[in-house]
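Engineer: Provide a 3D model corresponding to the input given below.
(one chain, ligands or ions: 2)
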Amino acid sequence: MAEIVLDQVSKRYPDGALAVSEVNLTVADGEFIILVGPSGCGKSTTLNMVAGLEDITSGELRIDGERMNERAPKDRDIAMVFQSYALYPHMTVRENMAFPLRLAKVDDDIVRRKVDEAAQVLDLTEHLDRRPSNLSGGQRQRVAMGRAIVRDPKAFLMDEPLSNLDAKLRGQMRTSLSRLQKKLGTTTLYVTHDQTEAMTLGDRIVVLQGGNVQQIGTPQHLYDEPANLFVAGFIGSPS
Ligand code: ADP
Ligand code: MG
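Structural biologist: Ligands and ions are numbered 1, 2, ... in the order given. Alright, predicted model coming up:
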């Protein structure tokens, strides 16, 4: 269960660039929020601040009402999935997915159960004994997600997780993600610049430009009533 609140959150990097400017966003528990916008608009910076990988320059980040600004990443109970999914080549799928739980010294039988559950949700049950080199790109990305899921995090942060996949696999992964969301209902912040992903996966979409929020709304709302030409262009143009 997690409600994530960004309250006037800004990020200025040490070299002076204002990457994110006074963003206000309340992500309801279980909501799937999409962040879109052109390269350099502050999507990754926003996610990294929520994860605790970047400091917040001003404003407040709250998760379930608690201030997170100074809290270490590992104490935020959030799992991040990146586009480059580094799996351990010498480990099986099961071992890769179990790795975060081993680090946390979780009991063997619980590890086994968590991995089995995650594998089932992600359609990986048949592949648990394989090594990453014997998997397709889509399967590898699902293993990376499995590694995030096994920890039962309060929230998922995903930064363009499908951008390395071809169109067909992206389509399959969209379906996997929808199913995952229905089953787990975990609060998710998801960065993409794929319109189809944004329109089909998002409960709401946040459109960013130059570190500023241009509009926040449901896919339908943004499509029907874009706040400006920038949003219209971004949401309306075919991917
Ligand atoms: P996006 O993910 O939307 O492409 P980023 O959040 O990566 O955008 O970047 C937002 C802005 O912050 C860009 O102008 C980028 O050059 C700058 N930026 C990102 N990371 C750093 C960094 N570590 N140091 C300095 N500037 C950065
Ligand atoms: Mg980025």
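
Engineer: for this structure, what spans make up the strands?
Structural biologist: For the chain, the strands defined by DSSP state E cover 4-12, 18-27, 32-36, 58-63, 66-67, 78-81, 155-159, 187-191, 204-209, 212-217.

Engineer: now do the same for the third one: mean pLDDT, whole number.
Structural biologist: Averaging the model's pLDDT scores along strand 32-36 yields 97.

Engineer: how far is that strand from where the chain is centred?
Structural biologist: Here strand 32-36 is found 9 Å from its chain centre; the criterion is CA atoms, centre = their mean, to the nearest Å.

Engineer: now swap in the second one and tell me
Structural biologist: Once both centres are worked out by CA atoms, centre = their mean, strand 18-27 turns out to sit 16 Å from its chain's centre.

Engineer: what pairs with that strand, parallel or antiparallel?
Structural biologist: strand 4-12 (antiparallel) (DSSP bridges).

Engineer: with just CA atoms, put the strand it pairs with into CSV.
Structural biologist: Extracted in CSV, the C-alpha atoms of strand 4-12 (Å, rounded to 0.1, in the frame of the first residue of the first chain):
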residue,chain,number,x,y,z
ILE,A,4,3.2,8.9,-3.2
VAL,A,5,3.1,12.6,-2.9
LEU,A,6,5.5,15.0,-4.6
ASP,A,7,4.9,18.4,-3.0
GLN,A,8,6.6,21.3,-4.9
VAL,A,9,9.5,19.0,-5.7
SER,A,10,12.5,20.6,-7.6
LYS,A,11,15.9,19.3,-8.6
ARG,A,12,18.8,21.5,-9.4
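
Engineer: residues in contact with it: which ones?
Structural biologist: 18-27, 42, 45-46, 49-50, 54-63, 155, 187, 189, 211 (CB atoms under 8 Å, 6 or more residues apart in numbering). Every C-beta, even on glycine, is put in place using the N, C-alpha and C of the backbone.

Engineer: now do stretch 213-228
Structural biologist: Under CB under 8 Å, 6+ apart, the answer for stretch 213-228 is 23-25, 37, 198-200, 202-208, 230-232, 235-236.

Engineer: show the overlap between those residues and what lies near ligand 1.
Structural biologist: Filtering these for proximity to ligand 1 by CB under 6 Å from any ligand atom leaves Gly37.
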